[in-house]
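Undergrad: okay, predicted coordinates and the sequence, questions at the end:
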Amino acid sequence: MPIEVNKEDLRVSDMILIVDDDEFNRGILDNIFSPYYSTDEAENGRVGLDKILADPSKYCAVLLDIMMPEMNGIEVMRRLHKEGLTSKIPVFLITAEANNDTLHEAYHLGVMDVILKPVTPYIVLRRINSIVELFRARKRLDNRVEQQNNELLEKAQKIIELNQGMIEALSTAIEFRNGESGEHVRRIRDITRFLLENTELGEGLSPNEIHNISLASIMHDVGKIAIPDNILNKPGRLTPEEFEIMKTHTTQGGLLLEKIPQLHDNGIYEYAFDIARHHHERWDGRGYPDGLKGDEISMWAQIVSIADVYDALSCKRVYKDAFPREKVVQMIKDGECGVFNPKLLECFFDVEETLSKLYTKPE
């Protein structure tokens, strides 16, 4: 009775390993299977196990005798089970001797079938081929599921990148309106990430949380979209009334972020809202808009606050020229630009030399 074998599948894995210490028995099995499969042989359990472990994907099935020198079939099964291979490669015991205890352990270890010698060719071929086809079908399904999962992950990553691109575009557009090039928000992101990754300020935060905080930091001034141009781009000092209007960019930023429902499902929303509203709070409680003090201010809002001050002092603005690095450092140390957490200052100054390279013009 001819057996149909899917040749497309055989190109993937079409080799059967015959493990038997009797050369005559190996020859019989080879004669049965060689018209439909490639065959490989091993003269004992030790050699067979070494061949399987060297390349498990090489074999679509293993035909295993029980009574062999060096290592018997049950010992081979124990090792294959330990390596998790019996669920990936169908193993068949082909033996003349099999007591109940041996059969019980063999099936417990994952053997697919036990075939007694002397074998009947069309029966053994049909039984083994059916299991091989079943394993191949399962592998095709697993591969398809994995492919679909990879496609979904790829699409999800593209959506994440699109969302991040839109966030960066919005923040950069606001910077352009404020007379900036857009580099300000990128430097704030880079400073925030560097402080979290390279100082104790980031202790307890996962890489994903640090990524989200860094991305959220670029939206710290998103509320400036609601500030009139004549105040936002005024070249001189703001009047008290104008400054009160400017201060509302913190609350306006929080309101704007609240009105973007898609952002609520994103891991950055919590950080973005907090940073937008509280990056002008002060350690001594004299900041705005909520007068928070000390540890009432989240660490990420504190980090963005000092990053924002450092960047503002280091760069030219419509109302001032850039200050030299030495003056920038001294102004922050002297508290001329706000009162900061002592621990934050210590960490900041530990890495400030590296951060200063962000402001070095390429030659």
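TA: Nice, I can see it.

Undergrad: from here on, just use CA atoms for contacts and neighbour counts.
TA: OK.

Undergrad: let me know the pLDDT of the residue nearest the centre of the chain.
TA: By C-alpha atoms, centre = their mean, the chain has its centre lying nearest to N208, at 8.5 Å. With respect to pLDDT, N208 scores 91.

Undergrad: which residues are in contact with the helix or strand hosting it?
TA: According to DSSP states H and E, N208 maps onto helix 207-217. Applying C-alpha atoms under 8 Å, 6 or more residues apart in numbering, the external contacts of helix 207-217 come out as 164, 185, 188-190, 192-193, 196-197, 202, 267-269, 271-272, 275-276, 300, 304.

Undergrad: list the buried residues of the helix or strand that that helix is followed by.
TA: Next along the chain after helix 207-217, taking DSSP H and E as the criterion, comes helix 229-232. Residues 231-232 are the ones in helix 229-232 that count as buried (16 or more other C-alpha atoms under 10 Å).

Undergrad: which strands or helices does helix 229-232 pack on?
TA: helix 240-247 (3 or more C-alpha pairs under 8 Å, 6 or more residues apart in numbering; DSSP states H and E).

Undergrad: quick check: next helix or strand after the helix it packs on?
TA: Helix 240-247 is succeeded, C-terminally, by helix 249-258 (DSSP H and E).

Undergrad: I'd like the distance from the next helix or strand after that next one to the chain centre, please.
TA: Downstream of helix 249-258, the next assigned helix or strand under DSSP H and E is helix 261-264. Taking C-alpha atoms, centre = their mean, to the nearest Å, one finds helix 261-264 lying 22 Å from the centre of the chain it belongs to.

Undergrad: and helix 261-264, what's buried?
TA: In helix 261-264, counting by 16+ other C-alpha under 10 Å, buried: L263.

Undergrad: any weak-confidence spans in the stretch 151-300 of the chain?
TA: The stretch 151-300 of the chain contains residues with pLDDT under 70 at 152-153, 155-182, 262.

Undergrad: isn't G338 up against R282?
TA: Yes. Using C-alpha atoms under 8 Å, G338 is in contact with R282, at 6.5 Å.

Undergrad: neighbour-wise, which of these two wins?
TA: Taking other C-alpha atoms under 10 Å, G338 and R282 do not tie; R282 has more neighbours (23 against 19).

Undergrad: could you list the paired strands of the helix or strand containing L63 along with their orientation?
TA: Using DSSP H and E, the element containing L63 is strand 59-64. Here strand 59-64 is paired, per DSSP bridges, with strand 15-19 (parallel), strand 91-95 (parallel).
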